[in-house]
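**Q** here you go, sequence then predicted model.
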Amino acid sequence: MSLLTLVVIIIVLALVFDFLNGFHDAANSIATVVATRVLSPLQAVVWAAFFNFISAFSFGTGVAKTVGAGMVDLKVVTLYVILAGLIGAIIWLIITWWFGLPISCSHALFGGYAGAAMARVALLEGLGSATKALIWSGWTKTVLFMVLAPLIGLALAYLYMIAIYWIFRHHSPRKMDVYFRRLQLLSAAAYSYSHGTNDAQKTMGIITAVLVTAGYLPDFRVPMWVILAAHAAIALGTLAGGWRIVETMGTRITRLRPRGGFAAETAAATSILLSTALHVGVSTTHVITGGIAGVGSIQRRKAVRWSVATRIVWAWILTIPASAVMAWISYWLLYRAGLDIG
């Protein structure tokens, strides 16, 4: 297989992952606005896909650089490492989509990339050297925001709901929802915009790492065509929709009304845009789930179905190690087939 053919295959697979990211995370973008009946499912996915795509023209590529070159040492990365990492991430996405679990596509990608890189170092230098593949400073920031981002989303949603109830204290719930049915269009747009600008950059980082590793780029700079391709793929995935997860996100965690949907989406968008400005790749799934839980908890603790939330949290915890294991196995198979030696 020629170098160019291999590069093209990996880039196509990266865009497939990006499509699945949009497909899997469509629930995050549309669940609240569909659950509150502000938009029909078809209207909601078109709305979300549009704002996923236009976010390509803002916020730079800082997150892409963190993902592509700030978490795994590029000295140990080969094209087959990236290929195995993508395979591991995609397998985990498909498994969790089948069971309707809203896991983090971002963390699946991080885990897959790291697992494949560690597998290569382990095969060349021994199992005890596997962690040499990781850049710990990048992982420290990522793991910190794994915890902080959903907590920020939860806290902001809680505070936004307090502010909404205070500002509209002289209005009936029915009249409040008349206003917030319109306002939720803006909050859904803001969330989809923030989702696109953070999540698409992760695929940009992987594709740019491929181009650097193959020698097509002298240093880590994201080309414009990569930016547009990544955003187009995630927008198309959102347009396709991930209906299995919509039910979990929109109805099973807590009951949402337009004012609650507005608060959850606005809180999530705020948290994600802050993380993007700091060049941190966060889980948009974690953040919107935190926002929905924050909205539910202001009513009463039992308004949140904590058993469902606990199941989701376990899926979050398992995502990085599970995708890393699958990528490790994928790389081992490629290595044993003689496709990446030395």
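**A** Looks like it came in fine.

**Q** okay, buried residues for the helix or strand containing Ala155 please.
**A** In this assignment (DSSP states H and E), Ala155 forms part of helix 136-167. For helix 136-167, a neighbour-count test (16 or more other Cβ atoms under 10 Å) marks 138-139, 141-142, 145-146, 148-150, 152-154, 156-158, 160-161, 164 as buried. For the C-beta atoms, the positions are set from N, CA and C on the backbone; glycine is no exception.

**Q** buried sites along the helix or strand hosting Trp316?
**A** In this assignment (DSSP H and E), Trp316 forms part of helix 306-336. Using 16+ other Cβ under 10 Å as the test for burial, helix 306-336 gives 308-309, 312, 315-316, 318-320, 322-332, 334-335.

**Q** average model confidence for stretch 296-315?
**A** Stretch 296-315 carries an average pLDDT of 62.

**Q** just to revisit the earlier point, next, the angle from the helix holding Ala155 to helix 306-336.
**A** In terms of direction (axes from the mean of the first three to the mean of the last three Cα atoms, to 10 degrees), helix 136-167 departs from helix 306-336 by 160 degrees.

**Q** the following helix or strand past helix 136-167 packs against which elements?
**A** As assigned by DSSP H and E, the chain's next helix or strand after helix 136-167 is helix 173-213. Applying 3 or more Cβ pairs under 8 Å, 6 or more residues apart in numbering; DSSP states H and E, one finds that helix 173-213 makes contact with helix 3-35, helix 41-54, helix 62-69, helix 79-98, helix 105-125, helix 224-240, helix 258-277, helix 284-299.

**Q** what's next to the third one, contact-wise?
**A** Right, helix 62-69. By Cβ atoms under 8 Å, 6 or more residues apart in numbering, the surrounding residues in contact with helix 62-69 are 109-110, 113, 138, 141-142, 198, 201-202, 204-206, 208-209, 212, 220, 222, 276, 279-281.

**Q** alpha carbons of it, in PDB - could you do that?
**A** Output in PDB follows, covering the C-alpha atoms of helix 62-69 (Å, rounded to 0.1, in the frame of the first residue of the first chain):
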ATOM      1  CA  GLY A  62      -6.300  25.600  19.600                       C
ATOM      2  CA  VAL A  63      -8.300  22.500  20.600                       C
ATOM      3  CA  ALA A  64      -7.100  20.700  17.500                       C
ATOM      4  CA  LYS A  65      -3.400  21.300  18.500                       C
ATOM      5  CA  THR A  66      -4.000  20.100  22.000                       C
ATOM      6  CA  VAL A  67      -5.600  16.800  20.700                       C
ATOM      7  CA  GLY A  68      -3.300  16.200  17.800                       C
ATOM      8  CA  ALA A  69       0.100  17.100  19.400                       C
END
